[in-house]
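A.B. asks: Provide a 3D model corresponding to the input given below.
(chains A, B, C and D)
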Number of protein chains: 2
Amino acid sequence: MTRPASYPLLRPEHRDSLERGDVKISALMRAHAFTAAANTVVIEAGTDHQYVYRLRDGWASRTRLLSDGREQCILIFLPGELFALKSMFVCMHSDSVRTLSRAVLERLTYRDLHAAYSRDADIANRCTWQVMEEERRLHSWVVGLGQGSAEERLALLLVDFHGRLAVSGHIAADTLRFEMPLTQVQLADQLGITAIHVNRVLKTFRDRGVVTVRDGYVTIGNFEELTRTARHLLDPYERTTPEYVGYPAPARVENA
Amino acid sequence: MTRPASYPLLRPEHRDSLERGDVKISALMRAHAFTAAANTVVIEAGTDHQYVYRLRDGWASRTRLLSDGREQCILIFLPGELFALKSMFVCMHSDSVRTLSRAVLERLTYRDLHAAYSRDADIANRCTWQVMEEERRLHSWVVGLGQGSAEERLALLLVDFHGRLAVSGHIAADTLRFEMPLTQVQLADQLGITAIHVNRVLKTFRDRGVVTVRDGYVTIGNFEELTRTARHLLDPYERTTPEYVGYPAPARVENA
DNA sequence: CGTTTGGTTGATGTATGTCAATATTAGTGG
DNA sequence: CCACTAATATTGACATACATCAACCAAACG
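C.D. replies: Numbering: from 1, shown residues only, chains lettered A, B, ... in the order given. You can find the predicted model right below:
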């Protein structure tokens, strides 16, 4: 079972349209669902690609591999999100998308989705929203990479995971333990630091009782201290809790 | 006089639609044009904002100010680009947009643009394209910040400026000198390093005859060496020259 | 003509990378 | 079930890219 993404900071006038769009896209894609093991390459960099996806369950990431072997994880997708919307407009993906855990994916050819997008304003709105939401996260992550220390970045990332899972209803907002399938190497690629240094920072967090990252789980020991570590990097105007946003969390859609 | 943005890697089937969208948006906004001095704050972080903009001439940037005074420049806008499209969907901007040079701006209330976007597929496509194009640049910049050294980042940024100006027709592709209004402090905020270090890297570039950045101009002494410095960070599948993309540069629209 | 802003350079400090060694765990084939 | 291998995690010693602090110059500016 999956829940749709929630819509922090959305102009209230569009909310219903987005929820309809979410339902409609799910309906279109439901017939084309499949399961992928962890670490499956869904989209290969350097290829044209015909599909747009919806991640129904599991984690996935967009990653760029550099010609000298360095690797940067650009964006992490959580359940309910659409990805590869760019398939609709561009004929080349520069980065690959892979699953980080066992995942359930749905998809549709870009032609079919673009046809629906042209015909139905709800679907267009939902697609545009997805891209804008990703852009918002990329903005924050550019700030994190440009200005944050290793500690700040790691704290920011964990707070971000927690907030996104809470908003989408995958965990309760006050849950302090959740599944997180990234290895230290993958965390390092996301954070722009070495895996060895990730390990060191995790150790200081663990020793201070702030968070423990182990065996595919994050256990937050001191949420206040974690957010305090990330405080300067946190977008002061984004609050991921529905209370802050001023309207209730969106209705949930079950599709399995 | 301004040219519209060009569309590298765009699926050919959408090209005409995007160009029509560009013309239509320009037509809608033309009546609401104004000039701003350098360093004018166009959008203030932390406010709702009613407008969407088109930068007809000059440079602008999206910047986030952290609570402890650090500053990160997230994205730089060049002539022909739309910005603050998010005004259509979200009720809060987390970063401010300011001009980097004297600039000519056009704008429209987000309601008017969203109405046009709902009614006209060309306009919807043009808006979506803008957001996707920004996302593409953000992806590349995340890679640069996450994996690049100071030298690599600076080289990447200068190559990016040159390529974008060339594709949009503001300079000839073989021109090695162009206007660039950023100060070293502003470059530092974009690159995620200190201004002092920017200065040092610029000095090594200058001493090696690679590039000279002075008095608001970039003069490339050795283009090959500059791209070689940035080579690992360059998106191998993005080529900003129209030749590579496989179709001619878009027709130019004059609107002043 | 002082004041501000942008730029330049040197001396020194530090966060993080690199190299190396060793557990620990997970997967794989016999 | 075991032996073998390959990931993953952990920790220490050492190296370095970049930050910080400080001083100074030049041009713009009111």
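A.B. asks: need the residues of the stretch 51-200 of chain A near DNA strand D, please.
C.D. replies: When proximity is defined as C-beta under 7 Å from any atom of the strand, the stretch 51-200 of chain A approaches DNA strand D at A:183-185, A:195-196, A:199-200. C-beta coordinates here come from the backbone N, C-alpha and C atoms, glycine included.
A.B. asks: near DNA strand C, which of these show up?
C.D. replies: The overlap between those and the neighbours of DNA strand C (C-beta under 7 Å from any atom of the strand) comes to A:Ile196.
A.B. asks: wait, which of the residues of the stretch 51-200 of chain A next to DNA strand D is closest to DNA strand C?
C.D. replies: Proximity of those to DNA strand C (C-beta to the nearest atom of the strand) peaks at A:Ile196, which lies at 4.1 Å.
A.B. asks: Give the other helices and strands that the host helix or strand of the closest one contacts.
C.D. replies: Using DSSP states H and E, A:Ile196 sits within helix A:195-207. If you count contacts as 3 or more C-beta pairs under 8 Å, 6 or more residues apart in numbering or on different chains; DSSP states H and E, helix A:195-207 packs onto helix A:150-167, helix A:184-191, strand A:211-214.
A.B. asks: The next helix or strand after the shortest one - contacts with which helices or strands?
C.D. replies: Toward the C-terminal end, the helix or strand that comes next after strand A:211-214 (DSSP H and E) is strand A:217-220. Contacting strand A:217-220 under the criterion 3+ C-beta pairs under 8 Å, 6+ apart are the following elements: helix A:150-167, strand A:177-179, strand A:211-214.
A.B. asks: Which among those is found nearest to DNA strand C?
C.D. replies: Here helix A:150-167 is closest among the helices and strands packed on strand A:217-220 (C-beta to the nearest atom of the strand), at 3.7 Å.
A.B. asks: quick check: mean pLDDT across the closest one?
C.D. replies: Averaged over helix A:150-167, pLDDT sits at 96.
A.B. asks: now the angle from that helix to helix A:195-207?
C.D. replies: Relative orientation of helix A:150-167 and helix A:195-207, computed by axes from the mean of the first three to the mean of the last three C-alpha atoms, to 10 degrees: 70 degrees.
A.B. asks: Keeping just the C-alphas, turn helix A:150-167 into PDB.
C.D. replies: Extracted C-alpha coordinates of helix A:150-167, given in PDB (Å, rounded to 0.1, in the frame of the first residue of the first chain):
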ATOM      1  CA  ALA A 150      30.000  17.000   6.600                       C
ATOM      2  CA  GLU A 151      28.100  16.900   9.900                       C
ATOM      3  CA  GLU A 152      25.500  19.500   8.800                       C
ATOM      4  CA  ARG A 153      24.900  17.700   5.500                       C
ATOM      5  CA  LEU A 154      24.400  14.300   7.100                       C
ATOM      6  CA  ALA A 155      22.100  15.700   9.700                       C
ATOM      7  CA  LEU A 156      20.200  17.500   7.000                       C
ATOM      8  CA  LEU A 157      19.800  14.400   5.000                       C
ATOM      9  CA  LEU A 158      18.500  12.300   7.900                       C
ATOM     10  CA  VAL A 159      16.100  15.100   8.900                       C
ATOM     11  CA  ASP A 160      14.900  15.200   5.300                       C
ATOM     12  CA  PHE A 161      14.300  11.500   5.100                       C
ATOM     13  CA  HIS A 162      12.400  11.600   8.300                       C
ATOM     14  CA  GLY A 163      10.300  14.600   7.300                       C
ATOM     15  CA  ARG A 164       9.400  13.200   3.900                       C
ATOM     16  CA  LEU A 165       8.500   9.800   5.200                       C
ATOM     17  CA  ALA A 166       6.300  11.500   7.900                       C
ATOM     18  CA  VAL A 167       4.500  13.800   5.500                       C
END
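A.B. asks: how about it, does it reach DNA strand C?
C.D. replies: Yes: contact of helix A:150-167 with DNA strand C (C-beta under 7 Å from any atom of the strand) involves A:150-151.
A.B. asks: now the angle between helix A:184-191 and that helix, please.
C.D. replies: Using the same axes, to 10 degrees: helix A:150-167 against helix A:184-191 is 100 degrees.
A.B. asks: Just the buried positions in helix A:150-167, please.
C.D. replies: A:150-167 (16 or more other C-beta atoms under 10 Å in any protein chain shown).
A.B. asks: same for that helix, what does it pack against?
C.D. replies: So helix A:150-167, by 3+ C-beta pairs under 8 Å, 6+ apart, packs with helix A:121-147, strand A:177-179, helix A:184-191, helix A:195-207, strand A:217-220, helix A:223-230.
A.B. asks: Leaving out the residues flanking it, which one is nearest to A:Val142?
C.D. replies: B:Ile74 (5.1 Å; C-beta to C-beta, 6 or more residues apart in numbering or on different chains).
A.B. asks: Need the CA coordinates for the host helix or strand of that neighbour. CSV is fine.
C.D. replies: Using DSSP H and E, B:Ile74 falls within strand B:71-77. What follows is strand B:71-77, C-alpha atoms only, in CSV (Å, rounded to 0.1, in the frame of the first residue of the first chain):
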residue,chain,number,x,y,z
GLU,B,71,25.0,32.7,1.4
GLN,B,72,24.7,30.3,-1.5
CYS,B,73,23.8,31.3,-5.0
ILE,B,74,21.7,28.5,-6.3
LEU,B,75,21.0,29.3,-9.9
ILE,B,76,22.0,32.1,-12.4
PHE,B,77,19.5,33.3,-15.0
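A.B. asks: chain center to that strand, what's the gap?
C.D. replies: Distance of strand B:71-77 from the chain centroid (C-alpha atoms, centre = their mean, to the nearest Å) equals 9 Å.
A.B. asks: on that earlier part again, could you export the helices and strands packed on helix A:195-207 as TSV, including distance to A:Ser17?
C.D. replies: Shown next, in TSV, are the helices and strands packed on helix A:195-207 (distance: least, C-beta to C-beta, whole Å):
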stretch	distance to A:Ser17
helix A:150-167	19
helix A:184-191	32
strand A:211-214	38
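A.B. asks: Those: which one's closest to A:Val97?
C.D. replies: helix A:184-191 (13.8 Å; C-beta to C-beta).
A.B. asks: residues contacting A:Gly221?
C.D. replies: By C-beta atoms under 8 Å, 6 or more residues apart in numbering or on different chains, the contact list for A:Gly221 reads A:176, A:209-212.
A.B. asks: can you rerun that using 6 Å?
C.D. replies: If you count contacts by C-beta atoms under 6 Å, 6 or more residues apart in numbering or on different chains, A:Gly221 has them with A:209-210.
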